[in-house]
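Peer 1: When you get a sec, could you give me coordinates for this:
(one chain, ligands or ions: 2)
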Amino acid sequence: MPNYKIVVTGTYAAGKSQFIRNASEIEPVETEVPVTDPGERAIKTHTTVGLDFGTLRLDDRHKLFLFGTPGQERFDFLWEQLAIGCLGYVVLVDSCRPADFRAASNLIRRFAYITPAPFVVAANKQDDPSALPPEYIHRRLGLPMSIPVRPCVARDMGAVHAVLFELLERIEALSVRDSHASTNRAA
Ligand SMILES: Nc1nc2c(ncn2[C@@H]2O[C@H](COP(=O)(O)OP(=O)(O)OP(=O)(O)O)[C@@H](O)[C@H]2O)c(=O)[nH]1
Ligand SMILES: [Mg+2]
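Peer 2: Ligands and ions are numbered 1, 2, ... in the order given. Next up is the predicted model:
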């Protein structure tokens, strides 16, 4: 399969657009408009209302197609559309905003209903002095040990690529496991 569709999701202002900007080899497609809600505007001035899109070539035959979701909850109906056919997804959590951890936890639960695809959770903004450690965020999100929380700095291309490669390894590992299971069933 030459192209892999990967979704980058997460709560409002977690760094999804920044992540795709740094991962992508092409100029990303963005759909940012000025924020109107005063509370959200205190965090930043522009928000994604449609999607982010970028690509990353892995080798001569394989390319990642990266789709970022909008963060505001009023656009959550788009999550299902963007997740169609995805091979895996990244959930970004803002490590500096513990008030958003409950929303992040709800988002993780909702995404698990939307798609059975594997995912990784990334604790973003680890370069910020107020960032909480990934282990603490893991506990606060109530995640099982099988779903680790990786440190991430979406402003750093190397860190972004590391998160994506971890997701690809997870996709690969689960597809090998599933193919073994179906071989065993057939035997
Ligand atoms: N310190 C730090 N700031 C970051 C990082 N990633 C993103 N930001 C900042 O966090 C803010 C939100 O980033 P965006 O990429 O717009 O977040 P988003 O998740 O796309 O936001 P919505 O689409 O509105 O939900 C911006 O001010 C970014 O500059 C990071 O790794 N470190
Ligand atoms: Mg965005």
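Peer 1: which parts of the longest helix seen in the chain are buried?
Peer 2: Identified as the longest helix of the chain according to DSSP state H is helix 157-186. Using 16 or more other C-beta atoms under 10 Å as the burial criterion, the residues of helix 157-186 that qualify are 159-160, 162-164, 167-168, 170-171. For every residue, glycine as well, the C-beta is placed using N, CA and C.
Peer 1: One more: stretch 57-72?
Peer 2: For stretch 57-72, by 16+ other C-beta under 10 Å, it's 64-72.
Peer 1: So which residues of this structure form helices?
Peer 2: Secondary structure of the chain, counting by DSSP H: helices at 16-23, 38-41, 77-83, 101-114, 134-141, 157-186.
Peer 1: among the ones you listed, which is nearest ligand 1?
Peer 2: helix 16-23 (3.4 Å; C-beta to the nearest ligand atom).
Peer 1: Just give the closest residue to the residue of the chain found nearest ligand 1, not the sequence neighbours.
Peer 2: Across the chain, the shortest distance to ligand 1 (C-beta to the nearest ligand atom) belongs to residue 71, at 1.9 Å. Nearest residue to residue 71, sequence neighbours excluded (C-beta to C-beta, 6 or more residues apart in numbering): residue 12, at 3.8 Å.
Peer 1: what about the one you found, how many neighbours?
Peer 2: 21 (other C-beta atoms under 10 Å).
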